[in-house]
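Undergrad: Just a sequence and a predicted model for now, questions to come.
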Amino acid sequence: QLQLVESGGGLVQPGGSLRLSCAASGFTLDDYVIGWFRQAPGKEREGVSCISRSGRSTNYADSVKGRFTISRDNAKNTVYLQMNSLKPEDTAVYYCAAGSSYCSGFNYWGQGTQVTVSS
(Lines give C-alpha, C1' and ligand atoms only; values in the text may rest on other atoms or scores of the structure.)
Protein backbone atom coordinates (compact mmCIF):
# COMPACT_ATOMS: atom_id res chain seq x y z
CA GLN A 1 0.00 0.00 0.00
CA LEU A 2 1.37 3.39 -1.02
CA GLN A 3 1.71 5.65 1.98
CA LEU A 4 3.27 9.01 2.79
CA VAL A 5 3.88 9.97 6.40
CA GLU A 6 4.82 13.47 7.49
CA SER A 7 6.65 14.22 10.72
CA GLY A 8 8.55 17.02 12.38
CA GLY A 9 5.76 19.46 13.06
CA GLY A 10 5.26 21.18 16.39
CA LEU A 11 5.13 24.46 18.24
CA VAL A 12 7.89 26.97 17.57
CA GLN A 13 8.41 30.63 18.38
CA PRO A 14 8.52 33.25 15.63
CA GLY A 15 11.95 33.28 14.05
CA GLY A 16 12.51 29.64 14.88
CA SER A 17 13.08 26.64 12.64
CA LEU A 18 11.59 23.24 12.00
CA ARG A 19 12.41 20.45 9.59
CA LEU A 20 9.55 18.44 8.22
CA SER A 21 10.07 14.95 6.83
CA CYS A 22 7.97 13.04 4.34
CA ALA A 23 8.68 9.33 4.37
CA ALA A 24 7.30 6.92 1.81
CA SER A 25 6.37 3.30 2.21
CA GLY A 26 5.09 0.85 -0.34
CA PHE A 27 6.74 2.65 -3.24
CA THR A 28 10.01 4.20 -4.32
CA LEU A 29 9.96 7.91 -3.73
CA ASP A 30 12.45 8.76 -6.47
CA ASP A 31 9.89 7.71 -9.07
CA TYR A 32 7.81 10.75 -8.10
CA VAL A 33 7.79 14.50 -7.94
CA ILE A 34 7.12 15.54 -4.35
CA GLY A 35 5.29 18.61 -3.19
CA TRP A 36 4.64 20.24 0.15
CA PHE A 37 1.33 21.97 0.77
CA ARG A 38 -0.25 23.66 3.73
CA GLN A 39 -3.71 24.55 4.91
CA ALA A 40 -4.42 27.09 7.62
CA PRO A 41 -7.75 27.22 9.46
CA GLY A 42 -10.41 28.82 7.31
CA LYS A 43 -8.14 29.00 4.29
CA GLU A 44 -7.70 26.99 1.15
CA ARG A 45 -4.82 24.61 0.74
CA GLU A 46 -1.82 26.21 -0.92
CA GLY A 47 1.30 24.88 -2.53
CA VAL A 48 4.49 25.59 -0.63
CA SER A 49 7.24 23.87 -2.57
CA CYS A 50 7.98 21.00 -4.92
CA ILE A 51 11.02 19.07 -6.03
CA SER A 52 11.78 17.05 -9.13
CA ARG A 53 12.63 13.37 -9.10
CA SER A 54 16.35 14.05 -9.25
CA GLY A 55 16.22 16.94 -6.82
CA ARG A 56 17.86 19.28 -9.33
CA SER A 57 14.73 21.39 -9.81
CA THR A 58 12.79 23.04 -7.03
CA ASN A 59 9.97 25.54 -6.81
CA TYR A 60 8.73 27.72 -3.96
CA ALA A 61 5.74 29.88 -3.19
CA ASP A 62 6.67 33.56 -2.96
CA SER A 63 5.64 33.61 0.68
CA VAL A 64 8.36 31.13 1.66
CA LYS A 65 11.19 31.91 -0.77
CA GLY A 66 14.46 32.45 1.02
CA ARG A 67 13.15 30.87 4.22
CA PHE A 68 12.17 27.30 3.26
CA THR A 69 14.31 24.70 1.53
CA ILE A 70 13.06 21.46 0.03
CA SER A 71 15.42 18.53 -0.43
CA ARG A 72 15.27 14.82 -0.94
CA ASP A 73 17.31 11.80 0.05
CA ASN A 74 16.20 9.09 -2.30
CA ALA A 75 18.39 6.53 -0.55
CA LYS A 76 16.30 7.12 2.58
CA ASN A 77 13.06 7.40 0.62
CA THR A 78 12.44 10.73 2.33
CA VAL A 79 11.84 14.34 1.35
CA TYR A 80 12.48 17.22 3.72
CA LEU A 81 11.24 20.75 4.15
CA GLN A 82 13.60 22.91 6.17
CA MET A 83 11.70 25.91 7.47
CA ASN A 84 13.64 28.85 8.89
CA SER A 85 12.63 32.30 10.10
CA LEU A 86 9.15 31.03 10.78
CA LYS A 87 6.31 33.51 11.06
CA PRO A 88 2.89 33.20 12.71
CA GLU A 89 1.34 33.15 9.25
CA ASP A 90 3.19 29.90 8.54
CA THR A 91 0.90 28.19 11.04
CA ALA A 92 -0.94 25.42 9.20
CA VAL A 93 -1.22 21.70 8.68
CA TYR A 94 1.53 20.72 6.27
CA TYR A 95 1.06 17.89 3.80
CA CYS A 96 3.38 16.16 1.40
CA ALA A 97 2.17 14.67 -1.84
CA ALA A 98 3.59 12.57 -4.67
CA GLY A 99 2.85 12.88 -8.34
CA SER A 100 4.12 12.27 -11.84
CA SER A 101 4.20 15.80 -13.25
CA TYR A 102 6.45 18.58 -12.01
CA CYS A 103 4.54 20.60 -9.41
CA SER A 104 1.10 19.43 -10.53
CA GLY A 105 -1.22 16.45 -10.56
CA PHE A 106 -0.35 15.00 -7.17
CA ASN A 107 -1.98 11.61 -6.66
CA TYR A 108 -0.86 10.47 -3.23
CA TRP A 109 -1.17 12.47 -0.03
CA GLY A 110 -0.03 12.13 3.53
CA GLN A 111 -2.17 12.83 6.59
CA GLY A 112 -0.41 16.05 7.50
CA THR A 113 1.59 17.44 10.40
CA GLN A 114 0.66 20.51 12.41
CA VAL A 115 3.03 23.47 12.51
CA THR A 116 2.21 26.24 14.96
CA VAL A 117 4.28 29.40 15.13
CA SER A 118 3.46 31.37 18.24
CA SER A 119 5.10 33.13 21.14
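TA: Ah, there it is.
Undergrad: From residue 16, how far out is the closest residue to residue 103 other than its chain neighbours?
TA: Using C-beta to C-beta, 6 or more residues apart in numbering and skipping residues adjacent in sequence, the residue nearest residue 103 is residue 50, 4.2 Å away. Glycine gets a C-beta too; all of them are placed from N, C-alpha and C. The gap separating residue 50 from residue 16 is 24 Å, by C-beta to C-beta, to the nearest Å.
Undergrad: And for residue 106?
TA: 28 Å.
Undergrad: Please say which of these two ends up with more neighbours.
TA: residue 106 (20 against 14; other C-beta atoms under 10 Å).
Undergrad: show me the contacts for the more buried one.
TA: Going by C-beta atoms under 8 Å, 6 or more residues apart in numbering, residue 106 touches 33, 35, 97, 98, 99.
Undergrad: Phi and psi next, for the third one.
TA: According to degrees, to the nearest 10, the main-chain angles of residue 97 amount to phi -150, psi 150.
Undergrad: how close does it sit to residue 2?
TA: On the measure of C-beta to C-beta, residue 97 and residue 2 end up 11 Å apart.
Undergrad: ok, residue 51 - how many residues close by?
TA: 24.
Undergrad: Look up the residues forming beta bridges with it.
TA: residue 34, residue 58 (DSSP bridges).
Undergrad: Show me the strands in the protein, by range?
TA: In the chain, the segments counted as strands under DSSP state E are 3-7, 10-12, 18-25, 33-39, 46-51, 58-60, 68-73, 78-83, 92-101, 104-109, 113-117.
Undergrad: so who does the residue positioned nearest the centre of the chain touch?
TA: The centre of the chain sits closest to residue 36, judged by C-alpha atoms, centre = their mean, with a distance of 3.0 Å. By C-beta under 8 Å, 6+ apart, residue 36 lies in contact with 20, 22, 47-50, 70, 79, 81, 94-97.
Undergrad: If you rank these by neighbours, which is first?
TA: residue 96 (32 neighbours).
Undergrad: how much space between the residue nearest to residue 35 when sequence neighbours are not counted and residue 95?
TA: Among residues not flanking residue 35 along the chain, residue 50 sits closest, at 3.9 Å (C-beta to C-beta, 6+ apart). Separation of residue 50 from residue 95 (C-beta to C-beta): 12 Å.
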